[in-house]
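Asks: need a structure here:
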Amino acid sequence: AALVRALAHGTPSAGRRAADALLGLGPGATPSGDDFLCGLLLAARLSPLPPTWLPVLVATAERAGTRTPPVSAALLRHAVDGHCIPQVAAVLHAAATGADPTAPVADLLAVGHSSGGDLLHGLCARARLTAEVSRPRVGSSPG
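Replies: As a prediction, the model looks like this:
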């Protein structure tokens, strides 16, 4: 939630701090924070025009080599380039075409101990970011 708010309404440095806080967060070869960032990066690549906050996440992924396990840093680099595992591609395809997402989501959730769920949360965060960016902030004036 902090990352979504920072990317939607904060400065680039606030977004960077929030994204950096997720690097390496959690146990395992691909910590939960990294999987979440991968999902968000992959979902961001679906837009014809890249979102304004994408460079913040790309820069975070570029710093991953010193902050997270090597396999996770490699997956973040692949996500920057739009490369993903087949289960993520199937979920994105279902979302893009309006197909029933039940089986693709179940397949993604079966990936790793928690990686599939964390990737899915990152994919969903893109939708939350879109909604957050389009919603006026409390106390802000229109226009």
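
Asks: could you check how far the closest residue in space to P50 that isn't next to it in sequence is from F36?
Replies: The shortest distance from P50 to any non-neighbouring residue, by CB to CB, 6 or more residues apart in numbering, is to A44 (6.7 Å). No exception for glycine: its C-beta is placed from N, CA and C like everyone else's. For A44, the distance to F36 equals 13 Å [CB to CB, to the nearest Å].

Asks: kindly report the same for G10.
Replies: Following CB to CB, the distance that separates G10 from F36 is 18 Å.

Asks: more crowded one of these two?
Replies: F36 (25 against 17; other CB atoms under 10 Å).

Asks: okay, that one and R126: tell me how far apart.
Replies: Counting by CB to CB, the separation of F36 from R126 is 11 Å.

Asks: just A73 next, same as before
Replies: Distance from A73 to R126, by CB to CB: 22 Å.

Asks: got a pLDDT number for the residue nearest to P50?
Replies: On the pLDDT scale, A44 is placed at 92.

Asks: tell me the contacts of it?
Replies: If you count contacts by CB atoms under 8 Å, 6 or more residues apart in numbering, A44 has them with 50-51, 53-54, 57, 126.

Asks: A29 now?
Replies: A29 makes contact with 69, 71-72, according to CB under 8 Å, 6+ apart.

Asks: ok, R126 next?
Replies: By CB under 8 Å, 6+ apart, the contact set of R126 is 39-40, 43-44, 46.

Asks: so it is in which element?
Replies: Using DSSP states H and E, R126 sits in helix 115-134.

Asks: check the offset of that helix from the chain's centre.
Replies: Centroid separation between helix 115-134 and its chain, computed with CA atoms, centre = their mean, to the nearest Å, is 6 Å.

Asks: and the contacts of A29 as CSV, adding secondary structure and pLDDT?
Replies: As requested, the contacts of A29 are exported to CSV (DSSP: H, G, I helix; E, B strand; the rest coil; pLDDT from 0 to 100):
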residue, secondary structure, pLDDT
P69, coil, 94
V71, helix, 94
S72, helix, 96
